[in-house]
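Chemist: fold the following.
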Amino acid sequence: MTPLESVGIHDLILRGGAVLTPRGVEDVDVAITGGRISAVGRDLGEAHRVITCNGSWVGPGFIDIHSHLREPGEEWKEDIASGSAAAAGGGYTAVIAMPNTDPPIDTARAALQVVENGTQVGLVAVASAGCLTVGRQGQQMADLGALWDAGVRMFTDDGDVVGNAHVMRSAMEYVANLGGVVSQHAVDSDLSAAGHMHEGSVSVQLGMAGIPREADEIIIARDIALARLTGVRYHVQHLSTARSVELVANAKDDGIAVTAEVSPHHLMFDHNDVMSTDTRFKMMPPLREPEDRDALVAGLGEGIIDVVATDHAPHGPEQKEGPFQNAANGVTGLEWAASVTNQVAQLDQATFFDRMSVTPALIGGLEEHGKPLKKGDRANIAVFDPAATWTPNSTLSKSFNSPYLGRELTGRVKVTLLDGAVTYEE
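Modeler: Below you'll find the predicted structure:
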C-alpha cells in the first residue's frame, strides 16, 4: 500500500473483515471507489460509507454456473429480475442461465437477449449457456459457432441428456476447437424415465419406482471417454453418487479436462428425507443414500468436485402440489447455497471461496469475477458471516419450492456488491 492509497474519500470501505487477497486471507480493510477496489490494507482514510464486517469473510462474489431463470417462456415461475434478486441475496455477483427455456436458447439472438435483460436488471451479471442441439432434441447440433460469437462459453442441453454418442462426440469436437465447455445433464433418460426417487430401501418402503445410481454413472463414464477422445473441457452437472465422484477423480488422474459440480441439496439431504413424500425433496438426479452424500461432501473438500452450483429450479405451486410422483423435479437454492455449503462442508475460508467463486468463474469464463480482492479490480464482492445462525422464512424468488425454508442454517450473506454497488444487504 502506498501513502496515496490512504488519502482522499472513498465511496465505501468494508472494515474489519477477514479478506481473501492474492496473498491469502488477511485482516485488512477494502476501499471501493468508482466501482473498483481502490485500496486493500489498513488505515485507508475516509469514505462516504463504512460497512463493518467484524467476524465476516470478505471475498469475491459467488458465481453460479447452473441457474434456471425461466426467461423466456415461464416467467410466472421466475424471471431474470426475480432470479437476479435471489442471486444477489445469496451473495452471487454472476450466474449462468441454463438454456432449457421456452423457446430454448439455441440461437445467438436468444442468448444475447438473456444477457441484455440481465444487464437491464443490474443486480448480477447474467451470462447465458447455449444449447448443444437444436431445440434440445439431441439430434442435430445447434449453431455453436454463432452462439460462441454471441458470448456463450458453456454449452448444454441441461434438463435433458444428449444420449446420442455420435452427436455428443461431434459437439465436443466443435466446442473443443472453440475453447468452450460442454456441460452435461448426466442422467440416462431410459433408466430414469419411470422413476421418481433413488432406487433403494426407501423407494421399496414407499412402493415408488426408483432411479438407480447407474443412470448417472453410465453417462458420466461414456462422456469421459468422449472427452478423452476429443480433448474438450467437459463439465459434469449435479453429481449425486459416490461412484460418480470416483469416475471424475480417475479422469482427472488420467489428465482428462474434466470438472464437476455438486448442488447444495445433494450436500445436505439424502433419500431418507423423501420418506415424508414432501415434493420439495424431488429433484433430478434424485437424493441418493447417506454414503453417497458423504462422498459428495468429501469430494468437494478434496477438490475432486470443483464447484458448488445451485441448479436453482423454480416451480409454481401447481407443479409441486399433489402426489410426489406427479410433481416436477427441482428446488430453489440461490439464496441459501452458501449457508448450506458452509454448514455441511465446513470448508476453510480460502477453500470456500474457491468452490463458490474462484473456480466457477474460471470454468464459466467470467473474467471480471471470482478473483481474490486486489486494488484495481472490479468490486464484485460477497461478505459472509460463517458463524451466523438463522432460519429463512421468506424468499426473493417468485417460487417457494425450497427445502431450506423453516430450517436453521449456519452462515449468512451480509452484503453483496456488484461493481461497487450494494445489491443486497441483510
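
Chemist: for the rest of this, base every contact and every neighbour count on C-alpha atoms.
Modeler: OK.

Chemist: which residues in the stretch 51-200 of the chain form helices?
Modeler: 80-89, 108-121, 144-149, 165-178, 189-192 (DSSP state H, counting those that start in this stretch).

Chemist: residues in contact with the residue nearest the centre of the chain?
Modeler: Geometric centre of the chain, nearest residue: A309, 2.4 Å, by Cα atoms, centre = their mean. By Cα atoms under 8 Å, 6 or more residues apart in numbering, the contact list for A309 reads 64-67, 238, 261-264, 356.

Chemist: try it again with 6 Å
Modeler: 64-66, 261, 263 (Cα atoms under 6 Å, 6 or more residues apart in numbering).

Chemist: and for A361?
Modeler: Per Cα under 6 Å, 6+ apart, neighbours of A361: G370.

Chemist: in the host helix or strand of it, what's buried?
Modeler: Secondary structure assignment for A361, by DSSP states H and E: helix 359-364. In terms of neighbour count (16 or more other Cα atoms under 10 Å), helix 359-364 has its buried residues at 359-361, 363-364.

Chemist: again, but for stretch 346-357
Modeler: Residues 347, 349-357 are the ones in stretch 346-357 that count as buried (16+ other Cα under 10 Å).

Chemist: which one of those is nearest to T119?
Modeler: Within the buried residues of stretch 346-357, proximity to T119 (Cα to Cα) peaks at S357, which comes in at 20.0 Å.

Chemist: so the closest one touches E368, yeah?
Modeler: No: counting by Cα atoms under 6 Å, S357 does not reach E368; the two are 11.3 Å apart.

Chemist: strands of the stretch 101-250 of the chain, residue ranges please.
Modeler: Using DSSP state E, counting those that start in this stretch, the strands found in the stretch 101-250 of the chain span residues 125-128, 154-155, 181-184, 197-198, 210-211, 233-236.

Chemist: deepest-packed of those strands, please.
Modeler: strand 154-155 (a mean of 29; mean count of other Cα atoms under 10 Å).

Chemist: quick check, distance from it to the centre of its chain.
Modeler: 14 Å (Cα atoms, centre = their mean, to the nearest Å).

Chemist: which stretches of this structure aren't confidently modelled?
Modeler: 1-7 (pLDDT under 70).

Chemist: need the single longest helix in it, by residues.
Modeler: helix 214-230 (DSSP state H).

Chemist: give me the distance from stretch 328-345 to the chain's centre.
Modeler: Computed by Cα atoms, centre = their mean, the chain-centroid distance of stretch 328-345 equals 10 Å.

Chemist: please report how far P317 lies from M268.
Modeler: Distance from P317 to M268, counting by Cα to Cα, to the nearest Å: 23 Å.

Chemist: more neighbours, these two?
Modeler: M268 (20 against 13; other Cα atoms under 10 Å).

Chemist: turn the buried residues of stretch 346-357 into TSV, columns for secondary structure.
Modeler: TSV is the format used below for the buried residues of stretch 346-357 (DSSP: H, G, I helix; E, B strand; the rest coil):
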residue	secondary structure
L347	coil
Q349	helix
A350	helix
T351	helix
F352	helix
F353	helix
D354	helix
R355	helix
M356	helix
S357	helix
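
Chemist: tell me the contacts of D106?
Modeler: Counted by Cα under 6 Å, 6+ apart, D106 has contacts 130-131, 142.

Chemist: pretty sure R355 is touching I305, no?
Modeler: No: judged on Cα under 6 Å, R355 makes no contact with I305 at a distance of 8.6 Å.

Chemist: hey, what's V50 bridged with?
Modeler: I13 (DSSP bridges).

Chemist: now stretch 172-186: buried residues?
Modeler: For stretch 172-186, burial by neighbour count (16+ other Cα under 10 Å) applies to 172-176, 180-186.

Chemist: residues in contact with E318?
Modeler: If a contact means Cα under 6 Å, 6+ apart, then E318 has no contacts.

Chemist: run the chain-centre distance for the host helix or strand of it.
Modeler: Using DSSP H and E, E318 sits within helix 317-320. Centroid separation for helix 317-320 versus its chain: 23 Å, with Cα atoms, centre = their mean.

Chemist: following element in sequence after the helix holding A361, please.
Modeler: Next element after helix 359-364 (DSSP H and E): strand 381-390.

Chemist: so what are the sheet partners of that next one and their directions?
Modeler: Looking at strand 381-390 with DSSP bridges, its partner strands are strand 57-60 (antiparallel), strand 409-418 (antiparallel).

Chemist: how far off helix 80-89 does the last one point, in degrees?
Modeler: Read it as strand 409-418. 120 degrees (axes from the mean of the first three to the mean of the last three Cα atoms, to 10 degrees).
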